[in-house]
Every structure is written in C-alpha cells, then in structure tokens.
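[1] Sequence plus the predicted model coming up.
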Amino acid sequence: MPLEPGTVEHRQIVFGTFVLVSFHMNETSEVVTVYDITWTG
C-alpha cells in the first residue's frame with residue numbers, strides 16, 4: 001500500500017499480524033530497497 005496518496009514509490013506491506021515491511025520501489029530500474037522491517041512477535 002502506498003504511504004502517501006498519489007505516490008507509489010514508498011510502500012508498506014504487512015505479513016501476518018506481526019511483520020511490517022517498508023520499502024521504496026523504483027519501477028524504471030526494477031530495484032526494490034527495503035528500509036524498515038518491524039517485527040512485533
């Protein structure tokens with residue numbers, strides 16, 4: 001899901017109920033950069 005309306009480069013995804021991953025997606029160069037992993041379990 002995009003972090004800010006109108007931007008798709010910075011995204012977050014939830015895995016299960018315990019993990020949140022924040023990342024930057026550059027579709028032009030096909031590079032995904034993970035900059036934050038939060039695990040609460």
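    Perfect, thanks for sending it. Numbering: from 1, shown residues only.

[2] so what strands line up beside the host helix or strand of residue 34?
    Per DSSP states H and E, residue 34 falls inside strand 31-39. Strands adjacent to strand 31-39 in the sheet, as given by DSSP bridges, are strand 19-26 (antiparallel).

[3] got the buried residues for the partner strand?
    residue 23 (16 or more other C-beta atoms under 10 Å). Heads up, the C-betas are built off the backbone N, CA and C, glycines and all.

[4] Go ahead and produce CSV holding the CA coordinates of that strand.
    Output of strand 19-26 as CSV, limited to C-alpha atoms (Å, rounded to 0.1, in the frame of the first residue of the first chain):
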residue,chain,number,x,y,z
VAL,A,19,5.6,-8.1,10.5
LEU,A,20,5.6,-4.7,8.7
VAL,A,21,8.0,-4.0,5.8
SER,A,22,8.6,-0.5,4.4
PHE,A,23,10.3,-0.2,1.0
HIS,A,24,11.0,2.0,-1.9
MET,A,25,10.2,0.7,-5.4
ASN,A,26,11.9,2.1,-8.5
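
[5] Run the chain-centre distance for it.
    Remark: strand 19-26 is offset 2 Å from the chain centroid, using C-alpha atoms, centre = their mean, to the nearest Å.

[6] Count the residues that sit near the closest residue to residue 20 other than its chain neighbours.
    Excluding its sequence neighbours, the residue lying closest to residue 20 (C-beta to C-beta, 6 or more residues apart in numbering) is residue 38, at 4.4 Å. Counted with other C-beta atoms under 10 Å, the neighbours of residue 38 add up to 11.

[7] how about residue 38, what does it touch?
    19, 20, 21, 22 (C-beta atoms under 8 Å, 6 or more residues apart in numbering).

[8] do residue 18 as well
    39, 40, 41.

[9] Next: residue 33.
    Residue 33 makes contact with 23, 24, 26, according to C-beta under 8 Å, 6+ apart.
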